[in-house]
Structure formats: structure tokens, C-alpha cells
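K.L.:
Got a sequence here, can you model it:
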Amino acid sequence: MTTDPADVVAAHRDELLEDAAAIAAEYRDAGWNARTLEPTEVTLLTDDGADAGDELPTVGIEVLVPADQFGPVEAAVATEATTFDASEVYSRRVDSVALVIVAVADTATESAVVIPLYYDIEAATPMLDAARDRGELLTHVRPAEGPDGTDASVVTFAHDDPSLFVPGMGSLD
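P.N.:
Next up is the predicted model:
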């Protein structure tokens, strides 16, 4: 019997968010400014944008978050002194779903953003293969919607080791 990925995500969402909050708390306990995002939607992106004329390369994962969580992250990234030069990826597999937490950090300003996300492992194969070929996986964070119902804002974090997003390579267990 195949388990529906949506059911797995629903059953484990609270635990994933709690794990993300605990990781952010560890940063705060060390004196860092840490924000935890709560995704409203996660989408795999496998088109590099070359054919569509997109401005952003899209091989990676798009994470929609509430606008009130996106604003402070966008402001932190826009600060010239912030570079988000380090990241940690924690992942585990539950049935056919990868549960992943990405912590991106700017060591100079001691700022961190913790992003829980999830994806269907089988559906992610083309995206992960493309990311491995490029040597980079991108996490695009966008607000779920702006005041007018749409928002083109995006914050993109680049990860140079896509294999960490594959359960068994990171650690949440």
C-alpha cells in the first residue's frame, strides 16, 4: 500500500515545526538572532528557467510562508552586512516523504533563518538530479501572498551540497 505524501506531511507537520523551533532556540541560546519560518506550501522546482525566460534559476525548492514571517527575513537579507555564509541541513525519511530542516546562518551578524520543508522523494528525483548536475540547490522563500493577493518578492538561499537534502545524508533522527 502506498502512503499519500500529503497524509505523511499532515501527520508529521507539528513535529517538523517543533524540531525547527528547537534548532532556532539553540541559535538563540548561543546569543544569535534566529527566525523560524512555517511553510504554507512547498513546491519542487525542476526547470532551470532558461527556456521560459525566467529571471531566477528555479532548480530547487520554493517555500511559501506567511507574509509577516517573510518580511523580517527579506529585511535581513537586504542588509549589506548580511551574507548567510553557512548552512546546516537536517533530513529524515518517513514513508515516501523527506522531512527537511534547513538552517542558514550569517556568522558575522549571528543571524539565522530556520526553514522546515518537505517533499515527495520520488517526485523530487528530477530536481535533485538537476541540482547535483549544477552543484547547487536553491531554496526560494516567498510570501504566501501580499496585500493585493500576489507578491513577487523572493529570498533565495544557495546550498552547494544538494545531497544533504536527501534523507540519510542529514540528520533529524
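
K.L.:
Give me the secondary structure label for A76.
P.N.:
Recorded secondary structure, A76: helix (DSSP: H, G, I helix; E, B strand; the rest coil).

K.L.:
ok, the helix or strand harbouring I61: who's next to it in the sheet?
P.N.:
Element membership of I61, judged by DSSP states H and E, is strand 60-65. Sheet pairing for strand 60-65, assigned by DSSP bridges, gives strand 41-45 (antiparallel), strand 137-143 (parallel).

K.L.:
could you dump those strands to JSON lines with distance to V102, mean pLDDT and mean neighbour count?
P.N.:
Every C-beta, even on glycine, is put in place using the N, C-alpha and C of the backbone. Below are the strands paired with strand 60-65 laid out as JSON lines (distance: least, CB to CB, whole Å; pLDDT from 0 to 100; neighbours: other CB atoms under 10 Å):
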{"stretch": "strand 41-45", "distance to V102": "11", "mean pLDDT": "92", "mean neighbour count": "17"}
{"stretch": "strand 137-143", "distance to V102": "6", "mean pLDDT": "93", "mean neighbour count": "22"}
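
K.L.:
nearest to A6, of the ones you listed?
P.N.:
Relative to A6, the nearest member of these by CB to CB is strand 41-45, separated by 11.2 Å.

K.L.:
ok so, going back, mind checking which of the strands paired with strand 60-65 is nearest E88?
P.N.:
Comparing the strands paired with strand 60-65 against E88 with CB to CB, the closest turns out to be strand 137-143 (12.7 Å).

K.L.:
Just the C-alpha atoms of the closest one, please, in PDB.
P.N.:
C-alpha atoms of strand 137-143 as PDB (Å, rounded to 0.1, in the frame of the first residue of the first chain):
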ATOM      1  CA  LEU A 137      20.300  23.500  -4.800                       C
ATOM      2  CA  LEU A 138      18.300  26.700  -4.300                       C
ATOM      3  CA  THR A 139      15.800  27.400  -1.600                       C
ATOM      4  CA  HIS A 140      13.400  30.200  -2.700                       C
ATOM      5  CA  VAL A 141      11.400  31.700   0.100                       C
ATOM      6  CA  ARG A 142       8.400  33.800  -0.900                       C
ATOM      7  CA  PRO A 143       5.500  35.300   1.000                       C
END
